[in-house]
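Trainee: build me a structure from this.
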Amino acid sequence: MFELIGLFCDKINQERADWLYQVLNIFVTSNYDTNIFLTGSALFFLLDRRTNRRWDKLKRNKNFEITTDPSESRIIGIEQDDKIDSKGDHSIFWKKIINRIQNLKSIHSDPKIGFLLMDSPYFNRNSVFAIRIMNMILDNGKIPELYLYLDGLHVALKDQKPSEFENIGTSIKKVDEILKNKGQDRHFWACSRCATARGYVQEKTELGEFHTDVGEDWLQIVNLNKIIDEFENPQIILSPNSIHINAVNSKNSSNKKPPLLLFITHDPYSTEWAFGAISFAVAAAHHRIYTSIVFIEDGIFSLVNKHQLVASDKIFNIQEVISATLHDEYLKYYVYNPSLELRGVKIDNMFKDISIITGATIEKILKKDLNQRIILF
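Mentor: Residues are numbered from 1 along each chain as shown. As a prediction, this is how the structure comes out:
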């Protein structure tokens, strides 16, 4: 038996709806038990006929199910509830996710469930969703782990005083205190490169430890490799836009490192998404985790034209990183042809060795292994 769990918190535009349909249809037609969970901006997908009608065929399959967050649905008027209790309806959705995770027999014995957060608090609600799933993990007797990457690090800033929003730093501190009182190890880790760039590191000791004066007490700043260590294990690790594929009761599921598939959806340089994804992938490959990158949506622009950067630009040349790792045994690059065609562009000749894939050929990547993690950057 095979199972797919997908969590989507950010907007699903028409292009994303189309290629996600291609991906999910591969598993639905292969009799995977496919469970998609929608919250946050992803819920608007259901209101927009340009996007939701693409999935009508999927909805007719008995092994495909969409679960929506009643709390977030209520906020935007999709669902109405006249009888909201004093605690609200915030936990219902996340309880369903944890229950589904606990059905995965091959990893049922692992007490840890990780969450990779890459978005800043307050400007984005994904940090709120991180708090909710961490609390639900605790309520179900499991151990939550939090990995902070890119702007996700800002949830750890001291002295947060939001006037209108839930205090993210304080909420994580409460989770930390519960784990501490239980005598559990707490893995609330932040990437040291991201932390240093954002001013969180005041000192690095001779032993390689990172000290901060501006971060919350629960914050542990570590080398990215320490976070990647957790990705070697078969435990569930989710992110605001991610999929976990698992072979239930698979004999080999706990004996090998789950492959990692990253979809790069952002253009290079204007934000840190593309560079962050490639850095993450290279680190995973160095851990001998079979890692694939698919350039898709605006992510294809990392391969279009030959980028010319000089020292004064103070930007890392993404194309140089790709070229240097193009023939790595554990790292493979792909580009999604429908995204190229939609934008009327072609990849530069320097990347002729990168496979150009379509909705039909993407199946070869997705079904290379019975267990894998998929994360959208």
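
Trainee: lowest-scoring secondary structure element of the protein by mean pLDDT?
Mentor: Here the helix or strand of the chain ranked lowest by mean pLDDT, DSSP states H and E is helix 362-366, holding a mean of 79.

Trainee: which helices and strands does that helix pack with?
Mentor: Packed against helix 362-366 by the contact rule (3 or more CB pairs under 8 Å, 6 or more residues apart in numbering; DSSP states H and E) you find helix 14-28, strand 291-295. From N, CA and C alone the C-beta is placed, and that goes for glycine too.

Trainee: any chance of those in CSV, plus distance to Gly215 and mean pLDDT?
Mentor: Putting the helices and strands packed on helix 362-366 into CSV (distance: least, CB to CB, whole Å; pLDDT from 0 to 100) gives the following:
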stretch, distance to Gly215, mean pLDDT
helix 14-28, 34, 90
strand 291-295, 29, 97
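
Trainee: deepest-packed of the ones you listed, please.
Mentor: Between these, the one whose residues have the most neighbours on average, counting mean count of other CB atoms under 10 Å, is strand 291-295 (a mean of 27).

Trainee: and that one, which strands flank it?
Mentor: Sheet partners assigned to strand 291-295 using DSSP bridges are listed as strand 260-264 (parallel), strand 331-336 (parallel).

Trainee: which one of those is the most hemmed in?
Mentor: strand 260-264 (a mean of 25).

Trainee: give me the mean pLDDT for that strand.
Mentor: For strand 260-264, the per-residue pLDDT values average out at 97.

Trainee: list the contacts of that strand.
Mentor: When contacts are taken as CB atoms under 8 Å, 6 or more residues apart in numbering, the neighbours of strand 260-264 outside the stretch itself are 231, 273-274, 277-278, 280-281, 284, 289-296, 299, 302, 365-366, 372-377.

Trainee: mind checking how far it is from the chain centre?
Mentor: Per CA atoms, centre = their mean, to the nearest Å, the displacement of strand 260-264 from the mean C-alpha position of its chain is 9 Å.

Trainee: one step back: for Ile133, find the nearest of the helices and strands packed on helix 362-366.
Mentor: Smallest distance to Ile133 across the helices and strands packed on helix 362-366 (CB to CB): 21.0 Å, for helix 14-28.

Trainee: remind me what the closest one packs against, helices and strands.
Mentor: strand 2-8, strand 33-38, helix 49-52, helix 56-59, helix 337-343, helix 362-366.

Trainee: between these, which one is nearest to Cys191?
Mentor: Set against Cys191 and scored by CB to CB, the helices and strands packed on helix 14-28 come closest in strand 2-8, at 21.1 Å.

Trainee: pairing partners for the closest one, with directions?
Mentor: Applying DSSP bridges, strand 2-8 is found paired with strand 33-38 (parallel), strand 241-247 (antiparallel).

Trainee: ok, and the closest non-adjacent residue to the residue nearest the centre of the chain?
Mentor: For the chain, the residue sitting closest to the mean C-alpha position, by CA atoms, centre = their mean, is Ser239 at 3.1 Å. Take Ser239 and drop its neighbours on the chain: the residue closest to it by CB to CB, 6 or more residues apart in numbering is Leu116, 4.2 Å away.

Trainee: could you dump the helix or strand the one you found falls within to PDB, C-alpha only?
Mentor: Element membership for Leu116 (DSSP states H and E) is strand 112-117. As requested, the backbone C-alpha atoms of strand 112-117 are provided in PDB (Å, rounded to 0.1, in the frame of the first residue of the first chain):
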ATOM      1  CA  LYS A 112       9.700  12.800  15.800                       C
ATOM      2  CA  ILE A 113       7.800  14.900  13.200                       C
ATOM      3  CA  GLY A 114       9.800  17.800  11.700                       C
ATOM      4  CA  PHE A 115       8.600  21.100  10.100                       C
ATOM      5  CA  LEU A 116      10.800  23.100   7.800                       C
ATOM      6  CA  LEU A 117       9.900  26.800   8.000                       C
END
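
Trainee: tell me the buried residues in that strand?
Mentor: Along strand 112-117, the positions that meet the burial threshold by neighbour count (16 or more other CB atoms under 10 Å) are 112-117.

Trainee: stretch 63-83 now?
Mentor: Neighbour-count burial for stretch 63-83, counted by 16+ other CB under 10 Å, picks out 63-64, 66-73.
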